[in-house]
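[1] sequence plus predicted model, see below.
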Amino acid sequence: MNELPETTDVLIVGAGPTGLALAAVLCDAGVDCCVVDAVAEGGNYSRAVGTLPRTLEMLQQLKVAERMVEASNHAQRIRIFSGDRDRNIATLHLRRLDTEFPFAVLQPQHATEEILLTRLGELGGVVHRPLRVTALRQSNHEVVVTVADAGGDERTVRAKYVVGADGTRSDVRKMIGVEFAGETFRQRFLLGDLELRDGSPADEIQLFFSRAGGVIMGHMPGKLHRVCISVDEVPAKLTAGTAEALLRERAPARKHIEVRQVVTDSHTRVHHRVAARFRLGRVFLAGDAAHVNSPIIGQGMNLGIQDGITLGNELVRTLRTGADTLDAYERIRRPIALDAVGITQRINDAGTQRSSLRSAVRDLVLPLSVIPRVNRAMITRLSRLVDR
Ligand SMILES: Cc1cc2nc3c(=O)[nH]c(=O)nc-3n(C[C@H](O)[C@H](O)[C@H](O)COP(=O)(O)OP(=O)(O)OC[C@H]3O[C@@H](n4cnc5c(N)ncnc54)[C@H](O)[C@@H]3O)c2cc1C
């Protein structure tokens, strides 16, 4: 186990996809950095399933895009069904996108994290765990961070810069007193790895929009589907029977989904929030620490990896030249986060719309996506190629 250094150029708090991508960029450029994470092991329950074209393009810098592509299923289209009207109301085609990666990679988040962690190791980086950041104070020239191990023993690390990549409940964000404006909704998403009959094909992501609630479903490599189902109340236990009843209520009637097995399940509240600032002095926020949204169109992990790579490049430039160009990070990434959170909120509202009038309008408007220009504009925005 590598010793935690007493000083470093960049201290990264959190070894989720955001922190790992950022650390890999810094190690690749030879920047002295250090990653700490509060938990003893990376999570083995999974959250995100889709890596989008823009994220894959950015991951090329780290030479891991090919590994992601090899290990996964590839969704070439997103098909949206109205459960209320029993029909396919839109099909958004990723394969028409002008990119080297005209598809979304489908694999569990822990597999994506494993690829990033392996790459970080190849570049000489390590994650120090379990070490929780408990306090932080910054001056004009450094940040002094206190970390505690599992037994409560504390040490300090002095860093030129600190990045809070420590997730939705970010301690770093609270320590620097940045507001996390937005809303938390009553609605929850159930998330399960399920073995299904008549689920989505391996080359497609399917969404069901209905007055009962929304569903997003993707086929991971192997037998399992990752399924997210919006609900008002979380069932005491997600059995195969409960999951099947919830899916059938939301799916078009002609789909006869059968749930053979629930392998894992969890649930999450829906939040739509963006931090008021992504930088305060020498401290930065990235990934879920900076923005959070509904899992309905799978933006969260993608935005986080992109934040990590963008911030990493800005830190490398600043540390090499001595000229502080780091305000560019917030200038570039905060508007993207606001746009992604806004569009996710609209899709979440549309997908779970209770009003029969509004759901009827949705089912009339979305079919306009057959117009090639509309289709392309929608998928370019959802895949975030719009941000190039
Ligand atoms: C149910 C669900 C489904 C989702 N589905 C999708 C999807 O389909 N597509 C998608 O793109 N996204 C999805 N997401 C979102 C995605 O999982 C997150 O956006 C992503 O994990 C964010 O990565 P992160 O590295 O910013 O934060 P995290 O993955 O949360 O990692 C933060 C890390 O910081 C560590 N940490 C926390 N506090 C401290 C501290 N004080 N000191 C040290 N370490 C600390 C934690 O241990 C953790 O390892 C989903 C999320 C949920 C909950």
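    Yes, it's here. Residues are numbered from 1 along each chain as shown.
[2] show me what from the stretch 151-300 of the chain comes close to the ligand.
    165-167, 171, 189, 191, 228, 268, 287-288, 295, 298-300 (Cβ under 6 Å from any ligand atom). Heads up, the C-betas are built off the backbone N, CA and C, glycines and all.
[3] farthest-separated two in these?
    Of all pairs drawn from those, the greatest distance, 26.8 Å, lies between 171 and 228 (Cβ to Cβ).
[4] from the ligand, how far out is residue 97?
    According to Cβ to the nearest ligand atom, to the nearest Å, residue 97 and the ligand sit 18 Å apart.
[5] correction: the previous question concerned residue 370.
    According to Cβ to the nearest ligand atom, residue 370 and the ligand sit 26 Å apart.
[6] now swap in residue 309 and tell me
    13 Å.
[7] that residue belongs to a strand?
    No: assigned with DSSP: H, G, I helix; E, B strand; the rest coil, residue 309 falls outside any strand and is helix.
[8] hmm, residue 260 is touching residue 196, no?
    Yes: using Cβ atoms under 8 Å, residue 260 is in contact with residue 196, at 6.7 Å.
[9] what's the residue nearest to the spatial centre of the chain in contact with, if anything?
    What sits nearest the mean C-alpha location of the chain, by Cα atoms, centre = their mean, is residue 301, with 1.6 Å. The contact partners of residue 301, taken as Cβ atoms under 8 Å, 6 or more residues apart in numbering, are 17, 47-48, 51, 109, 112.
[10] residue 188 bridge partners, please.
    Assessed by DSSP bridges, residue 188 has beta-bridge partners residue 231, residue 269.
[11] now do the strands in the stretch 51-200 of the chain.
    73-75, 77-82, 87-93, 104-106, 127-128, 131-138, 143-149, 154-164, 180-197 (DSSP state E, counting those that start in this stretch).
[12] ok, of those, where does mean pLDDT dip lowest?
    Of all these, mean pLDDT reaches its minimum on strand 180-197 (a mean of 94).
[13] and the next element down the chain from it?
    The first helix or strand that comes after strand 180-197 along the chain, using DSSP states H and E, is strand 204-209.
[14] can you check what angle separates that next one from strand 87-93?
    Calculated by axes from the mean of the first three to the mean of the last three Cα atoms, to 10 degrees, strand 204-209 forms an angle of 140 degrees with strand 87-93.
[15] what's strand 204-209 in contact with?
    50, 75-84, 89, 104, 106, 199-200, 214-219, 247, 250-252, 296-298, 350-353, 359, 362.
[16] that one versus strand 77-82: what angle between them?
    20 degrees.
[17] what strands line up against the following helix or strand past strand 204-209, and which way round?
    Later in the chain than strand 204-209, the nearest helix or strand by DSSP H and E is strand 215-219. With DSSP bridges as the test, strand 215-219 is paired with strand 204-209 (antiparallel), strand 224-231 (antiparallel).
[18] in JSON lines: those, plus distance to residue 180.
    Formatted as JSON lines, the strands paired with strand 215-219 follow (distance: least, Cβ to Cβ, whole Å):
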{"stretch": "strand 204-209", "distance to residue 180": "27"}
{"stretch": "strand 224-231", "distance to residue 180": "22"}
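[19] now mean pLDDT and distance to residue 322 too, for those, in CSV please.
    As requested, the strands paired with strand 215-219 are arranged in CSV below (pLDDT from 0 to 100; distance: least, Cβ to Cβ, whole Å):
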stretch, mean pLDDT, distance to residue 322
strand 204-209, 97, 45
strand 224-231, 96, 45
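[20] tabulate those (CSV), appending mean neighbour count.
    Listed next are the strands paired with strand 215-219 as CSV, based on neighbours: other Cβ atoms under 10 Å:
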stretch, mean neighbour count
strand 204-209, 25
strand 224-231, 23
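[21] which one, of those, ends up nearest to residue 146?
    Between residue 146 and those, the tightest spacing by Cβ to Cβ is seen for strand 224-231, at 37.0 Å.
[22] what are the buried residues along stretch 120-139?
    Neighbour-count burial for stretch 120-139 flags 120, 123, 125-129, 131-133, 136, 138 (criterion: 16 or more other Cβ atoms under 10 Å).
[23] contacting residues around residue 51?
    Each residue near residue 51 by Cβ under 8 Å, 6+ apart is listed here: 59, 68, 72, 104-105, 107, 112, 301-302, 305.
[24] so which of those comes closest to the ligand?
    Of all these, residue 301 has the smallest distance to the ligand: 3.3 Å, by Cβ to the nearest ligand atom.
[25] and the angle for the one helix or strand that closest one maps to with strand 154-164?
    Using DSSP H and E, residue 301 maps to helix 300-321. Here the directions of helix 300-321 and strand 154-164 differ by 100 degrees (the same axes, to 10 degrees).
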